[in-house]
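# Need a 3D model of the sequence below.
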Amino acid sequence: SSARRWAHRPDAASRIRRLTTRSRTARVSCAYSTGAEAITACSWNQNVICSDVPVLVEFWASWCGPCKMVHRIVDEIAGEYAGRIKCYKLDTDDYPQTANSYNIERVPTVLLFKDGEKIHSITGTLPKAVYVRAIENSFLQQ
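Model prediction:
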């Protein structure tokens with residue numbers, strides 16, 4: 001009976017250790033994420049309108065499932081284009097007045113700004129290549 005209990009202990013301990021290791025890794029990668037930053041209505045003018053580099057803003061809502069997919073794409077783009085464009089996310093439920101001022105009726109919507117002016121809009125969940133093409137055509141080939 002004691003041999004049977006002992007046979008299960010090392011296996012259970014190794015499972016616990018593996019789970020603990022994975023959760024530590026996840027916390028570290030989240031803490032050092034290079035993804036898009038959250039933006040507020042208060043910081044909108046400074047970070048978007050007065051930006052000296054082109055800006056991508058994702059308008060999203062916490063209840064929106066497709067927004068989660070666009071989050072990942074915007075985070076990847078933020079890392080890949082770091083230093084060339086700025087990427088932000090604005091929660092439309094928290095800041096509806098900002099969303100209304102840009103006629104955001106559906107989420108997810110991604111807006112591209114250059115010199116404080118909206119120059120491109122993409123609504124819906126689309127492949128990453130669509131967002132990249134819009135960035136390349138709007139910002140980087142001019």
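# ranges for the strands of this protein?
Shown for the chain, the strands assigned by DSSP state E span residues 37-38, 55-60, 86-91, 109-114, 117-123.
# Run the angle between the second one and strand 109-114 for me.
Inter-element angle recorded for strand 55-60 and strand 109-114: 160 degrees (by axes from the mean of the first three to the mean of the last three CA atoms, to 10 degrees).
# other SSEs contacting strand 55-60?
Contacts defined by 3 or more CB pairs under 8 Å, 6 or more residues apart in numbering; DSSP states H and E place strand 55-60 against helix 65-80, strand 86-91, strand 109-114. Where C-beta positions appear, they are placed from N, C-alpha and C, glycine not excepted.
# Redo the ones you listed as JSON lines? Include mean neighbour count.
As requested, the helices and strands packed on strand 55-60 are exported to JSON lines (neighbours: other CB atoms under 10 Å):
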{"stretch": "helix 65-80", "mean neighbour count": "17"}
{"stretch": "strand 86-91", "mean neighbour count": "23"}
{"stretch": "strand 109-114", "mean neighbour count": "22"}
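# Quick check: the residue nearest in space to the middle of the chain vs residue 43, distance?
Central residue of the chain (CA atoms, centre = their mean): residue 71, 3.5 Å from the mean position. For residue 71, the distance to residue 43 (CB to CB, to the nearest Å) stands at 19 Å.
# what do you get for residue 77?
20 Å.
# Equivalent analysis for residue 101, please.
15 Å.
# Pipe the strands of the chain into CSV and attach mean pLDDT and distance to residue 49 per row.
CSV is the format used below for those (pLDDT from 0 to 100; distance: least, CB to CB, whole Å):
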stretch, mean pLDDT, distance to residue 49
strand 37-38, 95, 16
strand 55-60, 98, 9
strand 86-91, 97, 12
strand 109-114, 97, 8
strand 117-123, 96, 9
